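In: Sequence plus predicted model, see below.
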Amino acid sequence: MKRLDVMAAVLSAGLGIGLAGGALAFGGSGAKQVTAPPPDYLGQWYISGGCSYSRAQAPGYPVHWVLILNPHHLGQGPAPKYCPYRL
C-alpha cells in the first residue's frame, strides 16, 4: 500500500496537480484560471478556461465536477494539460 502512495505522489507532482484536484490550473506557460460552477448550476456539462467538466453525484453525496478528456460531443478538442481533473 505504501508503494501505491509513493507512486501517486510522484505522478501528481509530475503532472503539477494534487490528488484532490483544485480550482486553479498549475502555473505553466499556458495556464488559465479555471473556476467551479456556482452551487445552483444544474447543467450536465460545464466549461471554464478551456476545460470541460461533467457533473457526477451519488445519492447523499455532494456534486463533483470531473474533467472530460475528449469533449468532442461539446464541440471541443482534447483537454489541455493545465486542466485540473476535478473541481
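Out: Thanks, I have the structure now.
In: Using neighbour counts, pick out the buried residues of stretch 60-68.
Out: Neighbour-count burial for stretch 60-68, counted by 16 or more other Cβ atoms under 10 Å, picks out 65, 67-68. Every residue, glycine included, has its C-beta placed from N, CA and C.
In: What of stretch 70-87?
Out: By 16+ other Cβ under 10 Å, the buried positions in stretch 70-87 come out as 71, 79-80, 82-87.
In: try stretch 40-51
Out: The neighbour-count check on stretch 40-51 (16+ other Cβ under 10 Å) flags 46-49, 51 as buried.
In: Spatially, which two of those are the most separated?
Out: Greatest spatial distance among the buried residues of stretch 40-51 (Cβ to Cβ): Tyr46 and Gly49, at 10.8 Å.
In: Can you show me the helices along the chain?
Out: With helices called from DSSP state H, the chain shows them at 2-15.
In: Run through it and note the low-pLDDT ranges.
Out: Counting by pLDDT under 70, the chain contains low-confidence ranges at 1-31.
In: swap the cut-off to 80 and go again
Out: Across the chain, the ranges flagged by pLDDT under 80 are 1-32.
In: in it, which strand has the most residues?
Out: Longest strand in the chain, counting residues (DSSP state E): strand 51-56.
In: quick one: strands adjacent to that strand?
Out: strand 45-48 (antiparallel), strand 64-67 (antiparallel) (DSSP bridges).
In: I'd like the ones you listed as JSON lines, with distance to Lys32 appended.
Out: Shown next, in JSON lines, are these (distance: least, Cβ to Cβ, whole Å):
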{"stretch": "strand 45-48", "distance to Lys32": "9"}
{"stretch": "strand 64-67", "distance to Lys32": "14"}
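In: Gly75 is nearest to which of those strands?
Out: Closest among these, using Cβ to Cβ: strand 45-48, at 9.9 Å.
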